[in-house]
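1. return atomic coordinates for the entry below.
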Amino acid sequence: MSEENITRIYLDEKELILIGTAHVSKHSAEQVKDVIEQEQPDSVCIELDEQRYQSMMDGNKWKDTDIFKVIKEKKSTLLLMNLAISSFQKRMAKQFGINAGQEMLQGIESAKETGAELVLADRNIQITFSRIWRNIGLKGKGILLMQVIGSIFSKETITEEELEKMKEQDMLNSMLQEFTEHFPKLKTPLIDERDQYLTQKLKDAPGDKVVAVLGAAHVPGIKQEMDREHDLNKLNQVPPKSKVPKIIGWIIPVIIIAMIIFTFQADPSAGLQQTLSWILWNGSLSAIGVALALGHPLAIVTAFVAAPLTSLDPITAAGWFAGFVQAYFRRPNVADFEMLADDVYSVKGFWNNKVTRILLVVVLANLGSSLGTFIGGADVVRLFFQNL
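-> I've put the predicted structure just below:
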């Protein structure tokens, strides 16, 4: 058996056999099968969390998704990011005629065949995204969303040689490579923390011999972290929201309203101009976002009406209202959820599927509203100082 991409670690009485894989490589899947059959381990650890495991094992789980609940719980962006990453992975896998995550499926199957205990060793992807989301600020969130949505449009194909090079990167990191260059601190939640999490799960796995199926990017980090103990509860915590954005979120509307009132008193025509500028910039850009998502006409109107008001209220967002209207008039049916896995392959599928279109309506309406707040607010400030 070739030892290529295999790392052996001996920890007291325990032997850990790490298989560094590319998540869309046929060779990786074959190697996983060979190693587990030959080694007959007590446990097989795979780089999946419970959510991704269930998604992989039960393709019909989407049927149970309540899209209204997703919007209400503010999970539209997370779900859209998950689907975009799935699209990125599946396009590459389709290019090489294999299933995305085939090496993980092989690990699951081989664990059952050999009687090994299966250990889901990765951190919940929503916790990882939440820890990223809290660290990047408003500008970073905009850039990240644009990059994720931009990845849907990518028609890039890669060679087998480039695919093997991808083993040097984590799948999430390979997709977000350009973004992490702008925000180097993201390496901590995206890679380092998951290295620590995976390491502890491997160490805690039952038995004296453990085979781990991992993206090769994690292997160096795991070797480095192996001599340390890691608190999984701490790594699973979502950092509390900073109070600063909330305070700023209330201060800005108060300032905008105060400036408009003052300007109205000094010069009613200038105050009216401020009000119209605020409404038109917020409403128009949010409505354009919904239109770009090919939203329902009433969802476009809703975004236009809601954005100027929600921009003055940090608790609500224009995308929620537009998303609810879109979901009401274009409610996804079972077929939309069944087709979700296939539709994320392409831009056309992303826009045609009612589920992803609702998510795009929410996200693009909010982005448009945020941009409108910046431009409209600047105009309000300009007119205020002109009339001092």
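2. which residues in the stretch 1-150 of the chain form strands?
-> With DSSP state E, counting those that start in this stretch as the criterion, the stretch 1-150 of the chain has strands at 6-11, 14-21, 43-46, 117-120.
3. mind checking how far Gln51 is from Gln126?
-> Taking CB to CB, to the nearest Å as the measure, Gln51 falls 7 Å from Gln126. Every residue, glycine included, has its C-beta placed from N, CA and C.
4. correction: the previous question concerned Leu190.
-> Per CB to CB, Leu190 is found 14 Å from Gln126.
5. more neighbours, the two?
-> Between Leu190 and Gln126, counted using other CB atoms under 10 Å, Leu190 has the larger neighbour count: 21 against 17.
6. now the more buried one: phi and psi?
-> Dihedral pair for Leu190: phi -80, psi -40, per degrees, to the nearest 10.
7. that one reaches Ile125, doesn't it?
-> No: using CB atoms under 8 Å, Leu190 is not in contact with Ile125; the gap is 10.8 Å.
8. can you give me the neighbour number for Val363?
-> Using other CB under 10 Å, Val363 has 22 neighbouring residues.
9. residue ranges with poor pLDDT in the stretch 1-150 of the chain?
-> In the predicted model, the stretch 1-150 of the chain carries pLDDT under 70 at residues 1-2, 22-26, 58-66, 73-75, 77-100, 137-138, 144-145, 147-150.
10. can you list the domain ranges for the protein.
-> With automatic domain parsing serving as the domain definition, the record reports that the chain contains domains spanning 6-235, 243-386.
11. Leu18 pairs with what?
-> Applying DSSP bridges to Leu18 yields these beta-bridge partners: Thr7, Ala212.
12. separation between it and Met146?
-> In this structure, Leu18 and Met146 are separated by 35 Å, where distance is defined by CB to CB.
13. try Gln200
-> For Gln200, the distance to Met146 equals 35 Å [CB to CB].
14. one more: Val32?
-> As defined by CB to CB, Val32 lies at a distance of 35 Å from Met146.
15. more neighbours, these two?
-> For Val32 versus Met146, the count of surrounding residues by other CB under 10 Å is larger for Val32: 25 against 12.
16. ok, now which ones touch that one?
-> 19, 21, 103, 106-107, 110, 213 (CB atoms under 8 Å, 6 or more residues apart in numbering).
17. out of all of them, which helix in the chain is the longest?
-> Ordering each helix of the chain by length in residues (DSSP state H) puts helix 354-386 first.
18. and it, which residues are buried?
-> With burial defined by 16 or more other CB atoms under 10 Å, the residues of helix 354-386 counted as buried are 354-373, 375-377, 379-380, 383-384.
19. what of stretch 218-236?
-> Buried residues in stretch 218-236, defined by neighbour count with 16+ other CB under 10 Å: 218-219, 221-222, 225, 230, 235.
20. what's the end-to-end length of that stretch?
-> Its start and end residues considered, stretch 218-236 measures 18 Å (CA to CA, to the nearest Å).
21. what about it, average pLDDT?
-> Across stretch 218-236, pLDDT averages out at 90.
22. same check, this time on stretch 194-212
-> Across stretch 194-212, the average pLDDT comes to 94.
23. in it, what counts as buried?
-> 194-203, 205, 209-212.
24. give me the number of residues near the residue nearest to Met339 when sequence neighbours are not counted?
-> Closest residue to Met339 in three dimensions, ignoring its sequence neighbours and counting by CB to CB, 6 or more residues apart in numbering: Asn353, at 6.2 Å. The burial count assigned to Asn353 is 22, neighbours taken as other CB under 10 Å.
25. identify the residues contacting Trp320.
-> Contacts here follow CB under 8 Å, 6+ apart; on that basis Trp320 touches 71-72, 310, 362.
26. tell me which element Ile288 falls in.
-> For Ile288, the enclosing helix or strand under DSSP states H and E is helix 268-292.
27. and Lys187, by the same measure?
-> When elements are defined using DSSP H and E, Lys187 is found to belong to helix 187.
28. which secondary structure elements does that helix contact?
-> For helix 187, there is no helix or strand it packs on, judged by 3 or more CB pairs under 8 Å, 6 or more residues apart in numbering; DSSP states H and E.
29. what comes into contact with the helix or strand following it?
-> Sequence-wise, the next helix or strand beyond helix 187 is helix 193-204, with elements assigned using DSSP H and E. The set of residues external to helix 193-204 that reach it, using CB under 8 Å, 6+ apart, is 11, 14, 16, 18, 45, 47, 119, 121-123, 128, 131, 170, 210, 212, 214, 218, 221-222, 224-226, 228-230, 232, 235.
30. how far does helix 193-204 sit from the chain's center?
-> Centroid displacement of helix 193-204 relative to its chain, using CA atoms, centre = their mean, to the nearest Å, is 21 Å.
31. let me know the angle separating it from strand 6-11.
-> Put simply, helix 193-204 runs at 60 degrees to strand 6-11, going by axes from the mean of the first three to the mean of the last three CA atoms, to 10 degrees.
32. name the spans of the stretch 201-350 of the chain whose pLDDT lies under the cut-off.
-> By pLDDT under 70, the weakly predicted segments of the stretch 201-350 of the chain are 242, 245, 334, 338, 340-342, 344-346.
33. swap the cut-off to 50 and go again
-> For the stretch 201-350 of the chain, not a single residue meets the criterion pLDDT under 50.
34. what ranges does it have for its helices?
-> When secondary structure is read from DSSP state H, counting those that start in this stretch, the stretch 201-350 of the chain shows helices at 219-225, 232-235, 243-266, 268-292, 297-310, 318-329, 334-343, 347-352.
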